[in-house]
Structures are given as C-alpha cells and as structure tokens.
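Enquirer: quick one: sequence plus predicted model below, questions after.
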Amino acid sequence: MIKIKNIRELHGKEEENYKFSVVESTEKNIVVIENKKEKINIEIEYNPFNTISVFEKIKKLTEIKIVTEELNEREILSYIQSKGYDKVLWNPIGKAMHQFNMIEDGDKIAVGVSGGKDSLVTLNAFVRVKKIAKIDFEIIPIHIHPKQDQADCSEIKEYCRKLGLELKVIETNLDDMLFGETKEKNPCFLCGRIRRGILYRVMKEEGINKLALGHHKDDIIETFLMNILYQGNRNIMRPSYISEEHGVKIIRPLAYVEEKNIISYARKLSLPIMKSKCPYETSEDSKRLKIKNMIKEFSLENNDIRSVIMNSIKDLF
C-alpha cells in the first residue's frame, strides 16, 4: 500500500515491480505505470478533481492500494460510495434511516467513533447522506480515549479531517474504573454504560439531540440470543429509541447490515481501524463470542440464518 497526500506525490514512488510517474499539462494529466519486470509502460489519463477512479484502476492493474490523505469536496462522495456496496450496505442503511426517521432537518448527530470498523462505516454513512440528501444536519464525531491507552488516535483524527470533520476526543480513566482493585465481574456492561454516560454529558453540553452507534445486524441478533439464554428475558437492541432520562434519540443506521459486508467495505477502503486492546473481545469466556460461533455453525446449514432470526424479532423494535 502507498500513502500519499495527493496524486502529485505518487510521482517517483516505487512499489514491488512498479514505478509511478505523474505528468500534468494543460492538455491532459496522466499517470504512467512502469512495469520494471516486463519492461512495459501503461498510461492512465485522469481528472484532477476525481482521482479516486484512477486509484481503483491502478489497483486492478497492479494490485497496489493507493490511499490519499486529502480529498476535495467532489471526491469525498466517490470515495465513500465505492462500487458494489449498494445492495449490501447503502440500501439497508437507507432502509433503516427511513423506517426509523433517523435524520431530520436541524439535527445535531453525535457519532460514537471508537476507531473500530463499525463506527467508521457509520461515520461514512452519515457523510454520504449529507452529500446526497437535501437534509440540513450536523455531524459531530466523538472518540472516548482511555488515558492509560498508549494507542495513537491521530489516524482517526486525520481520517475525519479527510471527510471534512473535526474529531472530538474525550480522555477518561476508564481502565482504572474497569480493571482497578474492584475487578468488575461484568466489565463489558459497565464499560458500555460509562462510555454512554460520557457521550450523554458531552451531548448535553454541545446541544446534540441524537447519538449514532455502530451496532449492526449481527450485534442485534447476538444480544437478543444472549438475553434469552443467559438472562431469561427478551430485551433487544433496538435500531432507534428515545432515552427519556437524557432526552436524546439513539439511532443505529447499520441495524440491517451484516458484519461480513462491513468487514469487506472496511478492507476495500483501508479504513484506519484502531486495534482493540480489550481482553474480553477474544476471551474464551466471552458469552458474545460463544453466541457468534453458534450462529456461524447454524449458517453452515442455512446461509440466511441471520435474516431468519432478525425477521422473527422485528416486532420487538
């Protein structure tokens, strides 16, 4: 993969058997790809206001991914939209947004950006709607960062700037609260509650009326089955609801999107995903992981098992 600020920086770059040259003139602009092994050159003409298509052609020809740090206003939508995701990503997101009236004129929507694939795809979804729909709303990406976590969140900040947004980073002592002397028996529940509480506080201070979370179809199904099997109740992670205590609306635009399609999209765009350091995500004692593996087994017999389960619980939304 080659990271550049703009297409001009591709000039002189070498990767594997290829060397790139950028030639600009008043008549036309071209990228020259020199295959040093086979001694051949390929020329690709490009529009300086739409370089995304050029990078896609380069990837097809060389299998080299080009990632640019800067996008002009016209390129942002082309980059986010990508090709081949209408049916599995944008259509189900649009369906959820429309069905649950997730975006209205005048909204100030906080997007909880953890740095994982789900939250970044959620952020992209709102930027896409902002570009194509005639709805006047504001997007405020918020990242909660434990002070003890040495992971650098600068890549997420840069990614937000690339989309024309400014990431709001809130530092916390989350690790001390979760893994201190008390050693909570259910840290996942407490972690989510603390993070949500911080988001609610910031929303109140900023006058934000909606909170967008990145939970997807698999999350909703897994949570429901966990509650059935381990708690003995039918509580569900709803795509949309009002928090009466805090006076805000919680929305989940990815409610109808399967995780496998989020993974595919995130990989194609090389999203700057922060590696999670949570020991409970991959722990053998994780109830969610056990449920996830159970669904995988069922899907071997019925590939549509997630949709079957989802259809059976829609009356609870």
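Expert: All right, it came through fine. Residues are numbered from 1 along each chain as shown.
Enquirer: all contacts plus neighbour counts: C-alpha atoms, from now on.
Expert: OK.
Enquirer: look up how far residue 81 lies from residue 210.
Expert: 24 Å (C-alpha to C-alpha, to the nearest Å).
Enquirer: no wait, residue 65
Expert: For residue 65, the distance to residue 81 - C-alpha to C-alpha - is 17 Å.
Enquirer: on that earlier part again, higher neighbour count, residue 210 and residue 81?
Expert: residue 210 (23 against 17; other C-alpha atoms under 10 Å).
Enquirer: test my guess that the more buried one contacts residue 106.
Expert: No - taking contacts as C-alpha atoms under 8 Å, residue 210 lies outside contact range of residue 106: 10.9 Å.
Enquirer: domains in this protein, by residue range?
Expert: 2-70, 75-316 (automatic domain parsing).
Enquirer: would TSV of those domains with mean pLDDT be doable?
Expert: Formatted as TSV, the domains of the chain follow (pLDDT from 0 to 100):
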stretch	mean pLDDT
domain 2-70	91
domain 75-316	89
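Enquirer: where do the strands sit along the chain?
Expert: Using DSSP state E, the strands assigned to the chain run over residues 2-4, 14-15, 18-24, 29-35, 40-46, 66-68, 108-112, 138-146, 168-172, 210-212, 240-243, 248-251.
Enquirer: for those strands, which one sits closest to residue 307?
Expert: Closest to residue 307 of these is strand 240-243 (C-alpha to C-alpha; 18.7 Å).
Enquirer: using PDB, write out every CA atom in that closest one.
Expert: Extracted C-alpha coordinates of strand 240-243, given in PDB (Å, rounded to 0.1, in the frame of the first residue of the first chain):
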ATOM      1  CA  SER A 240     -34.000   3.500  17.300                       C
ATOM      2  CA  TYR A 241     -35.400   4.700  20.600                       C
ATOM      3  CA  ILE A 242     -35.700   7.700  22.900                       C
ATOM      4  CA  SER A 243     -33.600   7.900  26.100                       C
END
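Enquirer: going forward can the numbers begin at 641, since that is how I track them
Expert: Yep, numbering from 641; the last one is strand 880-883 now.
Enquirer: which strands or helices does it pack on?
Expert: The elements that strand 880-883 packs onto, with contact taken as 3 or more C-alpha pairs under 8 Å, 6 or more residues apart in numbering; DSSP states H and E, are strand 888-891.
Enquirer: how far does the strand it packs on sit from the chain's center?
Expert: Here the centre of strand 888-891 is set off from its chain's centre by 18 Å, with C-alpha atoms, centre = their mean, to the nearest Å.
Enquirer: who does it pair up with?
Expert: strand 850-852 (parallel), strand 880-883 (antiparallel) (DSSP bridges).
Enquirer: give the buried residues for the longest one.
Expert: What it means is strand 880-883. Under the neighbour-count criterion of 16 or more other C-alpha atoms under 10 Å, strand 880-883 has residue 880 buried.
Enquirer: what does that strand contact?
Expert: Residues outside strand 880-883 that contact it (C-alpha atoms under 8 Å, 6 or more residues apart in numbering): 740, 742, 888, 889, 890, 891, 892, 957.
Enquirer: state the distance from the residue of the chain most remote from its centre to residue 657.
Expert: Within the chain, the residue lying farthest from the chain centre (C-alpha atoms, centre = their mean) is residue 679, at 40.3 Å. With distances taken as C-alpha to C-alpha, residue 679 is found 10 Å from residue 657.
Enquirer: and the strands of the chain as a markdown table, adding distance to residue 906?
Expert: Shown next, in a markdown table, are the strands of the chain (distance: least, C-alpha to C-alpha, whole Å):
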| stretch | distance to residue 906 |
| --- | --- |
| strand 642-644 | 16 |
| strand 654-655 | 23 |
| strand 658-664 | 25 |
| strand 669-675 | 26 |
| strand 680-686 | 25 |
| strand 706-708 | 13 |
| strand 748-752 | 17 |
| strand 778-786 | 18 |
| strand 808-812 | 22 |
| strand 850-852 | 18 |
| strand 880-883 | 24 |
| strand 888-891 | 21 |
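Enquirer: residue 908: which of those is closest?
Expert: Nearest of these to residue 908, taken as C-alpha to C-alpha: strand 706-708 at 10.6 Å.
Enquirer: what is that closest one packed up against?
Expert: Partner elements for strand 706-708 (3+ C-alpha pairs under 8 Å, 6+ apart): strand 642-644, helix 692-702.
Enquirer: buried residues in the last one?
Expert: Of the residues in helix 692-702, those buried by neighbour count under the rule 16+ other C-alpha under 10 Å are 692, 694, 695, 696, 698.
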